[in-house]
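What follows is a protein structure lacking sequence information:
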DNA sequence: CTATTATACTAATATAATTAGTTTTGTTCC
DNA sequence: GGAACAAAACTAATTATATTAGTATAATAG
């Protein structure tokens, strides 16, 4: 039994992510995390800058992983297929990482305007979404409005689902399919209007 | 300067609600709340059952106020006008009460299945939403799917907006108008399908 | 006016975050 | 292989908060 636990920043952050995904963000404490890692609480300060620093790392990890998932989901797709894949991937990410997903909501720009790494990771997600709506024929302000709609729908449904907010025993997949269809129809309508205005 | 601060449960909960709306739910502590009320921390235990009890009261207050707002918004309306009013009222509530709204997400049934007061307040909101989609011509499972869509859209947009999640300087009201129009179009489509299946 | 209750208090305990300073382990360089 | 260095863990101590127990005082009912 060596005195070295063999920790480093990634392993500490990964353990914290597992903790918040399992027991919720309210359950995160350095004490508890240290116990799970078989180490004394102050030892964690060798790897993360206290609780605020750990939360920053969780936010970065969450945004990066979400960006990876969304990017992978839409590769080679366009139009309605891309929108459907994007929404499904967002929902799947939140379902699989309910704790981590919580940290992806508040933009870095508000609390840490100098955190280029986080801001860049967030920008990548917006870029993916913009590309998806572009493949639908939307550009400019229309594209931004459309991205906001996509994000609202995906975030709203997935967050409520993860929080256990849909109590009635009726197929959630079907609810999400219908919501996705509604979004695709709405974006198609928008795209038609936009093309018409180009004359 | 009397020794009595004149507190009671409603005033303590109201002060806590103001605190979380102003500074966020993470800023809520009995210490801080007691300071704002000009009292020592343990005195709060005469009015609420510690921090967990206070959070329960905030959840109840939030769900009741949200129910009031939604009910008032849709009185005398039906169809698309009712849906629009419902979504607008939800968004306005979250904007005006970002902290309190946080406590309305997780259903009481999960943590406190015996808390009849909270569960009833939550049921009232569902009833209002069901009535709105019924006025649109939706019933049964279709109504439940529609209510989930409404809630996802409203919750998603309003939560992201309140969290400052929409960074790009483009009119948020216009984004919400388009999202609302999309929902109304989608529900209208659903209603048409449902009527057709009745033959 | 007295008895009762409610409200606020002080004192004490427990848990968690954080800082400071120390020890031990692993690595690098000669 | 041994010395020097850096990294990672530790112990000890401080601070902040929640909570409980027990006490005193103000408001109120009879």
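Received, thanks. Source: prediction; values computed, not measured.

Close to DNA strand C: what parts of chain A are there?
Applying the criterion C-beta under 7 Å from any atom of the strand, the portion of chain A that neighbours DNA strand C consists of A:2-4, A:28-32, A:41-42, A:45, A:50-52. Where you see a C-beta, it was placed from the backbone N, CA and C, and this is true even at glycine.

Let's have the residues you listed in TSV, adding pLDDT and secondary structure.
Putting these into TSV (pLDDT from 0 to 100; DSSP: H, G, I helix; E, B strand; the rest coil) gives the following:
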residue	pLDDT	secondary structure
A:2	46	coil
A:3	74	coil
A:4	82	coil
A:28	97	coil
A:29	97	coil
A:30	97	helix
A:31	98	helix
A:32	98	helix
A:41	97	helix
A:42	97	helix
A:45	97	helix
A:50	97	helix
A:51	97	helix
A:52	97	helix
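
which of the residues you listed lies closest to DNA strand D?
residue A:42 (3.6 Å; C-beta to the nearest atom of the strand).

So what's the residue count around that closest one?
Residue A:42 sits with 9 neighbouring residues when counted by other C-beta atoms under 10 Å in any protein chain shown.

Now do it against chain B, distance only.
Using C-beta to the nearest C-beta, to the nearest Å, one gets 23 Å for the distance from residue A:42 to chain B.

isn't residue A:69 right next to residue A:93, touching?
Yes - with the criterion set as C-beta atoms under 8 Å, residue A:69 and residue A:93 qualify as a contacting pair; they are 4.8 Å apart.

out of the residues of chain A next to DNA strand C, which touch DNA strand D?
Taking C-beta under 7 Å from any atom of the strand, the overlap between the residues of chain A next to DNA strand C and the neighbourhood of DNA strand D is A:3, A:4, A:42, A:45.

Out of those, the closest to chain B would be?
Chain B lies nearest to residue A:45 out of those, by C-beta to the nearest C-beta, at 21.0 Å.

how close does the closest one sit to residue A:53?
The span separating residue A:45 from residue A:53 equals 9 Å under the rule C-beta to C-beta, to the nearest Å.

ok, the two, which is more surrounded?
More neighbours surround residue A:53 than the other of residue A:45 and residue A:53, with 15 against 11 (other C-beta under 10 Å).

related to what we said a few turns ago, tell me the two of the ones next to DNA strand D among the residues of chain A next to DNA strand C that are most distant?
A:3 and A:45 (17.0 Å; C-beta to C-beta).

sorry, back to before: same drill for residue A:69 and residue A:93, tell me which one is more crowded.
Shown here are residue A:69 and residue A:93; by other C-beta under 10 Å, residue A:93 has more neighbours (23 against 18).

per-residue pLDDT, the residue nearest the centre of chain A?
Among the residues of chain A, the smallest C-alpha distance to the mean C-alpha position (C-alpha atoms, centre = their mean) belongs to residue A:66, namely 4.4 Å. Model confidence at residue A:66, expressed as pLDDT, equals 98.

how about stretch A:71-81: buried residues?
Along stretch A:71-81, these residues count as buried under the neighbour rule (16 or more other C-beta atoms under 10 Å in any protein chain shown): A:71, A:73, A:74, A:79, A:80.

again but with stretch A:58-72, I slipped
Applying a neighbour-count criterion of 16+ other C-beta under 10 Å, the buried positions in stretch A:58-72 are A:58-67, A:69-71.

ditto for stretch A:137-144
Of the residues in stretch A:137-144, those with enough neighbours to count as buried (16+ other C-beta under 10 Å) are A:137, A:138, A:142, A:143, A:144.

Reformat those residues as a markdown table; add distance to residue A:162 and pLDDT.
What follows is the buried residues of stretch A:137-144, written out as a markdown table (distance: C-beta to C-beta, whole Å; pLDDT from 0 to 100):
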| residue | distance to residue A:162 | pLDDT |
| --- | --- | --- |
| A:137 | 32 | 94 |
| A:138 | 29 | 96 |
| A:142 | 30 | 96 |
| A:143 | 28 | 97 |
| A:144 | 26 | 97 |
